[in-house]
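Trainee: I need the structure of the sequence given here:
(one chain, ligands or ions: 1)
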Amino acid sequence: MSHPLRQARAIVLFSLMMLAGQASVAVALPTGPLCKSYSGLPSGFPASDARMLAIPAGSFLMGSDHDYPEERPVQKVSVAAFQIDSHEVTNAEFAAFVAATGYVTTAELPLPADKYPGLPDEYRVPGSMVFVMPRGVLEQFIASEWWRFTPGANWRQPSGPDSNILGRDNEPVTQVSWQDAKAYATWRGHDLPSEAEWEWAARGGGNVPSAATQPKAPDANVWEGAFPYFDTAEDGYHGTAPVGCFQPNAYGLHDMLGNVWEWTLDVYQPRHDAPSNPLPTPGLPEQRVIKGGSWLCSTTFCGRYRPSARQPGETDLGSNHIGFRTVKRVQP
Ligand SMILES: [Ca+2]
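Mentor: Below is the predicted model:
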C-alpha cells in the first residue's frame, strides 16, 4: 500500500502518463554521430548553436478531437519561425551549464516551508520522483503505486542515491524542474518552446490527425510490454536512451516522441479552450504543459507519444522521465 500523503502528492504531480505529424520537407541536418557514439556535446558548445534546426512559420490544427480529453478541442494556431534543438538537452550539456554557473537544481534543495503548507517535512527534503517497477500485482492501478518521492534523487543521481550518470553524457538530462530547464535555456540565450511551437515542430510540418501518426516501436523509445510490470525493451532501451537513436521526424528532430517528456512554457489548462489563467489554481501547485511522452508510455498505458498529447507537470518537481529542449526565436 502506498502512503496516502505520497499518493496525494504523486497524484497531483503525476496524474501523468498517457503523440505526431510527418511531412516531406527538405532540411539541412547537422553532421556527426548521435546515439551511442555521441559525446553529448554539439561542436562548439556552448558558443555555437550547432544541432539547432530551423522550423518555418506556419498555421496548423493543434490538439486532437480523437484522443484524450485534455487534447481537445482542436484549435487553429499560427507559429512564427524559430530554431529548436534537434535533440533533448543532454547530461553533458546540463553539466556544462552547472559547471559554468554553479547552478543548484530544485531537487538538490529543500522545498521552502512557505510552499505547500500542508506538505509533511519528509517531502520537503531534497529529492525527486523516481519510477519503481512493481514487484507484484498492484492492488490499485494508480500512478502512486509506481512513483516514489526519493530523497537524494537529482539530475546526477536520477534513480536515487545509488545511481549515477557515469557513461551517460549522451542521454537526456532528467530530474530537472521547469525552473531548472528555464534557467538552462536562459544561460544559452534561448527559451523553452511554447506548447504550440513544440507541437508544430513535432508534427514535422504535417497537419495530419494525431492518431494517424502514433509511432509503433521501434520508431521511438517507449515501454514495450504490460506497463508497469515488464518492459521487453525491444526498441533496445529500458529507461532513457542516448539522444538520436531513433529516426528523426521530417524536420530532422530526434526523440520528439518517447524517451523523455519535455517541458514547455505554457501553464497547463485541462482543455485548449480553457480561459487563459497565468496563475496556478489556488491550493494546487503550478503546472506547466509537458509534451511528447516518454520511455514509460506504452500502447497498454499512457498512449501519449503523439504530438498532440499533453500532460501537466508540477513546475518544481522533476522525475526520471521528464527532460526538455530549447528554442531560439527569430528576432523581428
Ligand atoms: Ca524502450
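Trainee: does residue 128 touch residue 147 like I think?
Mentor: No. Counting by C-beta atoms under 8 Å, residue 128 stays clear of residue 147, with 10.3 Å between them. Any C-beta I mention is one placed from the backbone N, CA and C, and that applies to glycine too.
Trainee: other SSEs contacting the longest strand anywhere in the chain?
Mentor: Criterion DSSP state E: the longest strand present in the chain is strand 261-267. If contacts are counted by 3 or more C-beta pairs under 8 Å, 6 or more residues apart in numbering; DSSP states H and E, strand 261-267 sits against helix 178-188, helix 195-202, strand 287-291, strand 310-314, strand 322-323.
Trainee: out of these, which comes closest to the ion?
Mentor: Taking C-beta to the ion, strand 322-323 is the member of those nearest to the ion, at 15.0 Å.
Trainee: quick one: mean pLDDT for the helix or strand that the closest one is followed by?
Mentor: The first helix or strand that comes after strand 322-323 along the chain, using DSSP states H and E, is strand 327-329. The average pLDDT within strand 327-329 is 97.
Trainee: what's the answer for stretch 285-292, then?
Mentor: On average, stretch 285-292 scores 93.
Trainee: list the contacts for the closest residue to residue 330 other than its chain neighbours?
Mentor: In this structure, residue 330 finds its nearest non-sequential neighbour in residue 81, 4.8 Å apart by C-beta to C-beta, 6 or more residues apart in numbering. By C-beta atoms under 8 Å, 6 or more residues apart in numbering, the contact set of residue 81 is 54-57, 330.
Trainee: I'd like to know which of those residues is nearest to residue 270.
Mentor: residue 55 (27.1 Å; C-beta to C-beta).
Trainee: wait, isn't that closest one in contact with residue 252?
Mentor: No. Using C-beta under 8 Å, residue 55 makes no contact with residue 252, being 9.9 Å away.
Trainee: hmm, back to that, need the overlap of contacts for residue 128 and residue 147.
Mentor: residue 319.
Trainee: sorry, back to before: next step: the contacts of residue 81 restricted to helices.
Mentor: Among the contacts of residue 81, DSSP state H puts none in helices.
Trainee: by neighbour count, sort out the buried ones in the residues you listed.
Mentor: residue 55 (16 or more other C-beta atoms under 10 Å).
Trainee: among the contacts of residue 81, which lie within strands?
Mentor: 54-55.
Trainee: got CSV for the helices and strands packed on strand 261-267, with distance to residue 272 too?
Mentor: Converted to CSV, the helices and strands packed on strand 261-267 look like this (distance: least, C-beta to C-beta, whole Å):
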stretch, distance to residue 272
helix 178-188, 20
helix 195-202, 9
strand 287-291, 10
strand 310-314, 9
strand 322-323, 21
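Trainee: roughly how far apart are the residue nearest to residue 330 and the ion?
Mentor: According to C-beta to the ion, to the nearest Å, residue 81 and the ion sit 33 Å apart.
Trainee: ramachandran angles for that residue?
Mentor: phi -60, psi 150 (degrees, to the nearest 10).
Trainee: pLDDT wise, what is it at?
Mentor: Confidence score, pLDDT, at residue 81: 96.
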